[in-house]
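Colleague: using only what follows, build the 3D model:
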Amino acid sequence: MAQFSDSDEGKPVTMGDEKVGMIAEVEHGTAYVDPDAGITDRIKATLDWGDRDEDTYPLDESRVDAITDDEVRLRSEM
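Modeller: Predicted coordinates for the structure are as follows:
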């Protein structure tokens, strides 16, 4: 299970070879992703984020494949 810390803030979030967003904030162990403009609708649909007016979305830890020093990689099979 992924464990997020404040040091993960600012890391890109990737799925396969594509950057899908950035960790905007980590609060109480939950990472919040700011999706890249232009692919927002596709990412919302893929990750079941639904329609929200907020700029960031909580990242479900079960979707995380790995947290490295440079990025947060999501599982490609969802």
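
Colleague: continuing past the worst-scoring helix or strand of the chain on mean pLDDT, what's the next helix or strand?
Modeller: Using mean pLDDT, DSSP states H and E, helix 40-46 stands out as the lowest-scoring helix or strand of the chain, at a mean of 56. Downstream of helix 40-46, the first helix or strand assigned by DSSP states H and E is strand 57-58.

Colleague: paired strands for that following strand, with orientation please.
Modeller: Taking DSSP bridges as the criterion, strand 57-58 sits next to strand 30-35 (antiparallel) in its sheet.

Colleague: dump the partner strand to PDB, restricted to CA.
Modeller: In PDB, the C-alpha atoms belonging to strand 30-35 read as follows (Å, rounded to 0.1, in the frame of the first residue of the first chain):
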ATOM      1  CA  THR A  30      -3.700  11.300   1.400                       C
ATOM      2  CA  ALA A  31      -2.200  12.600  -1.800                       C
ATOM      3  CA  TYR A  32      -4.300  15.100  -3.800                       C
ATOM      4  CA  VAL A  33      -3.600  15.300  -7.600                       C
ATOM      5  CA  ASP A  34      -4.000  18.300  -9.800                       C
ATOM      6  CA  PRO A  35      -4.700  16.800 -13.200                       C
END
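
Colleague: gap between stretch 18-25 and the chain center?
Modeller: Its chain's C-alpha centre and that of stretch 18-25 lie 5 Å apart, by CA atoms, centre = their mean, to the nearest Å.

Colleague: identify the residues contacting that stretch?
Modeller: Under the criterion CB atoms under 8 Å, 6 or more residues apart in numbering, residues 4, 8-14, 31-36, 39, 43, 55-56, 59, 72, 74 lie in contact with stretch 18-25. For every residue, glycine as well, the C-beta is placed using N, CA and C.
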